[in-house]
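Trainee: mind folding the following:
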Amino acid sequence: MLPEHLRKSLDAAQTQVNRLVLGKSREVRLSFVALLADGHLLIEDLPGLGKTTLAHAMAATLGLDFQRVQFTSDLLPADIVGVSIFDPATRDFQFHPGPVFTQVLLADEINRAPPRTQSALLEAMAEQQVTVDGTTHALPAPFFVIATQNPTDLSGTYPLPDSQLDRFLMRLALGYPGHEAERELLAGRDRRDLIAAATPVLSREDVLALRDAVDRVHASDALIDYVQALLARSRSHPGVRVGLSPRAGLALLRAARAYALLLGRDHVRPDDVQALFSAVAAHRLVADAEAGSDAALAKAILHAVAVD
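Mentor: Numbers count the residues shown, from 1 in each chain. The predicted model follows:
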């Protein structure tokens, strides 16, 4: 179990983000799952529903170095990872790090950048390092990418390839707020002012300790059998052209461990996997043209596999 001070800090962090992002307690919890599971988060929804607000609220709460990059059609890979510039004084090339050298990176409207620039994040997200001019540079730890995109306004955008989508542990959609949350938003202070006034609740050491604690959460053989059954079903389910990979299974298990930790348990239960399955699996499924949405397929796969 977590030390008492870490448990209190984690609870306080979630409470603060929920005060800043109203009426989205499930999405806030899943954002913390992505953080603690050492993954990355894709927030996909319509404009004005709080995608960037959630990312800023997480950054303000974590006590980590933060950078924001607004992805545009003319953004270059060097604008992300950095560039080597010749220094006449030393007669050598000096590396100037880009904004990816941070601990929390907000990649805003990631699908507005061309594929070459999107792929500049691939190595960073997968390996926590970048290679420029043959030299490898390690990124700070922890390294957490929160990316946003609008799934409906596709004019001038470049859809994320499957290899890029697979780097995100989860994909979330926020949806419209409930009546009470919307009323509080309309009548209350500007969210930007509240986020600017927020103080960090967690530290770098806390985040690393929480990630270590996730590794110690137990997943039984029966639980692993259940995850494996979900993977197998995804590969044979009607309407699925490409099912879930073993890497998707590892991501699901690690996310379930983080979810159990957030709920105060030292073991994973099937309902943890069920609570996370769509967020972890849907964007990794490749559906047939007539099969409907990937989220609907994920839900159908989950319902098709019984818990022994």
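
Trainee: excluding chain neighbours, what is closest to Val217?
Mentor: Closest residue to Val217 apart from its sequence neighbours, by CB to CB, 6 or more residues apart in numbering: Arg257 at 3.9 Å. For the C-beta atoms, the positions are set from N, CA and C on the backbone; glycine is no exception.

Trainee: for that neighbour, give its distance to Ser73.
Mentor: 39 Å (CB to CB, to the nearest Å).

Trainee: before we move on, what about Glu4?
Mentor: Taking CB to CB as the measure, Glu4 falls 50 Å from Ser73.

Trainee: more crowded one of the two?
Mentor: Neighbours were counted for Glu4 and for Ser73 using other CB atoms under 10 Å; Ser73 has more, 11 against 8.

Trainee: let me know the pLDDT of the more buried one.
Mentor: What the model reports for Ser73 is a pLDDT of 89.

Trainee: same question for Ala291.
Mentor: 62.

Trainee: report the contact partners of the residue nearest to Val217.
Mentor: The neighbourhood of Arg257, defined by CB atoms under 8 Å, 6 or more residues apart in numbering, consists of 37, 214-215, 217, 219, 268.

Trainee: ok now do Ser73, which residues does it touch?
Mentor: Here Ser73 is in contact with 112-114, 156 (criterion: CB under 8 Å, 6+ apart).

Trainee: just the closest of these to Leu194, please.
Mentor: Arg112 (27.3 Å; CB to CB).

Trainee: how about the helix or strand where Ala279 lies: buried residues?
Mentor: Ala279 is part of helix 270-281 when elements are defined by DSSP states H and E. Within helix 270-281, the residues scored as buried using 16 or more other CB atoms under 10 Å are 270, 272-281.

Trainee: identify the residues contacting it?
Mentor: Outside helix 270-281, the residues touching it (CB under 8 Å, 6+ apart) are 30, 33, 169-172, 223, 226-227, 230, 234, 244, 248, 251-252, 255-256, 259-260, 263, 295, 298-299, 301-302, 307.

Trainee: just the buried residues of these.
Mentor: The buried subset of the contacts of helix 270-281 (16+ other CB under 10 Å) comprises 30, 33, 169-172, 223, 226-227, 230, 234, 244, 248, 251-252, 255-256, 259-260, 295, 298, 301-302.

Trainee: find the nearest non-adjacent residue to Gln164, please.
Mentor: With sequence-adjacent residues excluded and distances taken as CB to CB, 6+ apart, Gln164 is closest to Gln118, at 5.7 Å.

Trainee: go on, Glu123?
Mentor: Looking at Glu123 with CB to CB, 6+ apart, the closest residue is Val130, at 5.8 Å.

Trainee: after the strand or helix carrying the one you found, next one along is what?
Mentor: Secondary structure from DSSP H and E places Val130 in strand 129-132. As assigned by DSSP H and E, the chain's next helix or strand after strand 129-132 is strand 135-138.
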